[in-house]
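**Student:** Structure for this input, please:
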Amino acid sequence: MQLYHIILNNLRRRKLKMLFILFGMVIGIATMVSVYSVVDSMKSEMTRKVSEYGVNVVITPNSDGLTFSYGGITLPEVMYDIEQLTMDDVNQLTQLQSKNMIRIVSPKLIGNGNLATGERVNIVGANIKEEFTVKPWLKIADDKSQQFKKKPVNNKEMDYEKLDLLRQDLEVLNLSDNQIIVGSAQAVTSKIVKGDILNISGRNYEVKFILSESGAMEDKQIFMNLASAQNLLSKPGEISMIDMSVDYLKGSEESLLSEIKEGLPNSQVLSQRQESMRQDDLLNRLVRFGVSLSIIVLLVGMLVISLTMSSAVRERTREIGIFRALGFRKSHIVKIIIYEGLIISVIGGVIGYLIGMLLANYAAPIFFDSDVQVTWNIFLFFISILISVVIGILSSLYPALKAAKLDPAEALRFI
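**Tutor:** Residues are numbered from 1 along each chain as shown. Here you go, the predicted model:
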């Protein structure tokens, strides 16, 4: 009989005890994998946003709001005293002392319109070339039928991994006042193709382009020139928000934001960079918490495995005595115990990784209120196996040495 026969037969005979050891290993590895995967995915997404997201500063109108509670029920916030941004505010940005930091200013007006079918659509009026510059993921579909090849990604963050960093050729983005660009999702919903004539709120517009699908909110919007949107929505000179692309290497971020707030007192200024830094600080705290939790769980798991293996060795005193009497060496006894631990550890590492990844995919959208994509990481898989193997060896080492030290004569008394 070979050693592996003895090992496999023992695992089959002591299923309940082995399953208990396996459960402890799975819990520890699954905790480590799920925490690491969620936090790593969030940090990766933030890194992509900082490096690829063209908009650094967003300026919106000032507004106040009240939240009411009646009978224990919280009602939606009621907005009042809403300020309005105008083109004069855009011009004011060119008078800032730190204006050399500003690369692109993209004002836009956002509103709703109705198609001839009665369908309500989201209208975005903007300087199209500037809008495509600050949002590099916006692309014109090459094939006019492309928008019907697959359904759009609804309620998803854009897939940054597939983002083509080569920006759209801006020279083709010349729209007349009666031309529009339709998002891919809106094109699918309304069965719109390039060249169609759309009636929006009583005015006819030619569909000059269809956007390529990006998974971003722009997939559900219709773009037109800013002046056209102002006329359509009856808001001459007004804008809803201002997106800015800023070069922070040319000056102080704090100085620029302070100047904007001083120059536009009726506005709210949001720095994407500062927001990302706040989120990064939160994620770093989560990393420390996750690492601490994983270490505690793994140590407890290792202790449980070690105690269970020691208990199994005491139960197998007679068996070990027979092996020694038959000529098995101490090294053989050590190998039997350690190999049993290794087999359970590897199985526990694989199952723990799979469960951890499934938990991460389920937990990420809940904890972070967004559709974070948790990718299956082969490197993390091998790390999980390595950690489980190390825990298995360390947990089995003491019981194995204890078993090897058993006196064959003493052990045979149990026969």
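
**Student:** Quick check: closest non-adjacent residue to Asp219.
**Tutor:** Nearest non-adjacent residue to Asp219, counting by CB to CB, 6 or more residues apart in numbering: Ala185, 3.9 Å away. Any C-beta I mention is one placed from the backbone N, CA and C, and that applies to glycine too.

**Student:** Would you map out the domains in this structure?
**Tutor:** According to automatic domain parsing, the chain is divided into the following domains: 3-50+279-414, 84-265.

**Student:** and these as a markdown table, adding distance to Ser271 and mean pLDDT?
**Tutor:** Shown next, in a markdown table, are the domains of the chain (distance: least, CB to CB, whole Å; pLDDT from 0 to 100):
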| stretch | distance to Ser271 | mean pLDDT |
| --- | --- | --- |
| domain 3-50+279-414 | 11 | 75 |
| domain 84-265 | 6 | 81 |
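
**Student:** and of these, who's closest to Asn56?
**Tutor:** Closest to Asn56 of the domains of the chain is domain 84-265 (CB to CB; 4.1 Å).

**Student:** on that earlier part again, neighbours of the residue nearest to Asp219, just the number please.
**Tutor:** If you count neighbours by other CB atoms under 10 Å, Ala185 ends up with 23.

**Student:** Ok, Val246 next?
**Tutor:** By other CB under 10 Å, 22 other residues sit near Val246.

**Student:** Check the gap between the nearest residue to it once chain neighbours are set aside and Leu359 for me.
**Tutor:** Take Val246 and drop its neighbours on the chain: the residue closest to it by CB to CB, 6+ apart is Asn56, 4.1 Å away. From Asn56 across to Leu359, the span is 35 Å (CB to CB, to the nearest Å).

**Student:** returning to what we had before: can you put the domains of the chain in TSV and add distance to Asn62?
**Tutor:** TSV is the format used below for the domains of the chain (distance: least, CB to CB, whole Å):
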stretch	distance to Asn62
domain 3-50+279-414	24
domain 84-265	8
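
**Student:** The residue nearest to Asp219 sits in which helix or strand?
**Tutor:** helix 184-190 (DSSP states H and E).

**Student:** Can you mark which positions in that helix are buried?
**Tutor:** Within helix 184-190, the residues that count as buried by 16 or more other CB atoms under 10 Å are Ser184, Ala185, Gln186, Ala187, Val188.

**Student:** Remind me what the helix or strand that comes right after that helix packs against, helices and strands.
**Tutor:** Next along the chain after helix 184-190, taking DSSP H and E as the criterion, comes strand 197-200. Helices and strands touching strand 197-200, by 3 or more CB pairs under 8 Å, 6 or more residues apart in numbering; DSSP states H and E, are strand 179-182, strand 203-210.

**Student:** Kindly export the last one (C-alpha atoms) in PDB.
**Tutor:** Taking C-alpha atoms only, strand 203-210 is exported to PDB below (Å, rounded to 0.1, in the frame of the first residue of the first chain):
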ATOM      1  CA  ARG A 203     -39.300  71.200 -34.600                       C
ATOM      2  CA  ASN A 204     -37.600  68.900 -37.200                       C
ATOM      3  CA  TYR A 205     -34.000  67.800 -36.800                       C
ATOM      4  CA  GLU A 206     -31.800  65.600 -39.000                       C
ATOM      5  CA  VAL A 207     -29.900  62.700 -37.300                       C
ATOM      6  CA  LYS A 208     -26.400  63.400 -38.500                       C
ATOM      7  CA  PHE A 209     -24.600  60.800 -36.200                       C
ATOM      8  CA  ILE A 210     -25.300  57.900 -33.900                       C
END
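
**Student:** Surely Thr375 touches Ser41?
**Tutor:** Yes - between Thr375 and Ser41 there is a contact at 7.0 Å, judged by CB atoms under 8 Å.

**Student:** which residues touch Glu259?
**Tutor:** Taking CB atoms under 8 Å, 6 or more residues apart in numbering, we find Glu259 in contact with Leu96, Gln97, Ser98.

**Student:** How about Ala116?
**Tutor:** Counting by CB under 8 Å, 6+ apart, Ala116 touches Leu198, Asn199.

**Student:** one more time with 6 Å, if that's ok
**Tutor:** Counting by CB atoms under 6 Å, 6 or more residues apart in numbering, Ala116 touches Asn199.

**Student:** so what's the backbone phi/psi at it?
**Tutor:** When read as degrees, to the nearest 10, the backbone of Ala116 gives phi -60, psi -30.

**Student:** Likewise for the one 3 residues further on?
**Tutor:** Dihedral angles phi and psi of Glu119 (degrees, to the nearest 10) take the values phi -70, psi 140.

**Student:** Count residues in the vicinity of it, would you?
**Tutor:** So Glu119, with other CB under 10 Å, has 11 neighbours.

**Student:** Show me what the longest helix along the chain is packed against.
**Tutor:** Longest helix in the chain by number of residues (criterion: DSSP state H): helix 272-315. Packing contacts for helix 272-315, counted by 3 or more CB pairs under 6 Å, 6 or more residues apart in numbering; DSSP states H and E, involve helix 15-52, helix 378-404.

**Student:** Just the buried subset of the contacts of Glu259, written out for ChimeraX, thanks.
**Tutor:** Burial among the contacts of Glu259 is assessed by 16+ other CB under 10 Å; the matching ChimeraX selection reads:
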select :96,98
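
**Student:** quick revisit: how about the helices and strands packed on helix 272-315, which one is nearest Asn284?
**Tutor:** helix 15-52 (8.7 Å).
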